[in-house]
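> Have a look at this fold, sequence not included:
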Ligand code: ADE
């Protein structure tokens, strides 16, 4: 998979050199390009924003640098992802969908957002997804892009060492994960649930399923529909 990120803060993505994503990049499983939007400006001040038509607070990102950047970076079969609090909620299902793509291009907006015509133009030419991390406002698309990159890349075969660890996680089966324990058996007066020491795999599987349902009912009843 190829991932491209366009941002006015390229150093923000330096952390993509570390941990599992860093290793996946080294091994060539995923190629990530980080691009400074200002490289596609032509004025002395490398301007990327201007005042909004119709008035109002803040600044809007100009369409021209975005057009030039995306014309160069976005392949015909690539998906343009625009992180936005006005987008569709990002879910594990969407992460799985994105993990099958050949190219993802992230357009990280700042200020009050990107001129709407950028999204409209690329939606005419190809696939565009507005994606929201949740019902709260971040300073820009960078943190959201990072979250999507991490959630997607870990689904690519070879990125996470043990593929079984992907199966039993929160949201993979529509439920929250069961609680996990390791040694010691007693810690600060708290015991590991005895069923986990029983060696009875049927009982353990049943207990874990009950825990998943109980947690989901308590914390995320919306997931149970
Ligand atoms: N940009 C600003 N807020 C955001 C959010 N909640 N999700 C995605 N992108 C954003």
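All right, it came through fine. Just so it is clear, the structure is predicted and the values come from calculations on it, not from any experiment.

> Going by C-alpha atoms from here, please, whenever you check contacts or count neighbours.
Noted.

> ok, and what's touching stretch 83-90?
106-109, 129-137, 141, 144-145, 148 (CA atoms under 8 Å, 6 or more residues apart in numbering).

> which SSE is the residue nearest to residue 16 when sequence neighbours are not counted in?
Distance criterion CA to CA, 6 or more residues apart in numbering; nearest residue to residue 16, sequence neighbours excluded, is residue 22 at 5.7 Å. Counting by DSSP states H and E, the element that carries residue 22 is helix 19-26.

> just the angle between the next helix or strand after that helix and helix 19-26, please?
Next helix or strand after helix 19-26 toward the C-terminus (DSSP H and E): strand 31-36. Interaxial angle of strand 31-36 relative to helix 19-26 (axes from the mean of the first three to the mean of the last three CA atoms, to 10 degrees): 100 degrees.

> Which parts of strand 31-36 count as buried, going by neighbours?
For strand 31-36, burial by neighbour count (16 or more other CA atoms under 10 Å) applies to 32, 34-35.

> Identify all contacting residues around stretch 21-31.
Under CA under 8 Å, 6+ apart, the answer for stretch 21-31 is 1-3, 16-17, 32, 150, 153-154, 158-159.

> Identify, from those residues, the entry nearest to residue 181.
residue 154 (23.2 Å; CA to CA).

> Tell me how many other residues crowd the closest one.
The local packing of residue 154 (other CA atoms under 10 Å) involves 20 other residues.

> surely it meets residue 161?
No. Using CA atoms under 8 Å, residue 154 is not in contact with residue 161, being 9.5 Å away.

> ok, residues contacting the longest helix seen in the chain?
When the chain is scanned for its longest helix (criterion: DSSP state H), the result is helix 201-219. Identification of contacts with helix 201-219 by CA under 8 Å, 6+ apart yields 175-179, 195-196, 223-224.

> Enumerate the residues of this structure near the ligand.
Within the chain, the positions lying close to the ligand (CA under 6 Å from any ligand atom) are 83-85, 131-141, 144.

> Can you flag the buried ones in the residues you listed?
83-85, 131-134, 140-141, 144.

> Could you pull out the helices in this protein for me?
Going by DSSP H, the chain shows helices at 19-26, 63-73, 92-99, 116-125, 142-153, 164-167, 201-219.
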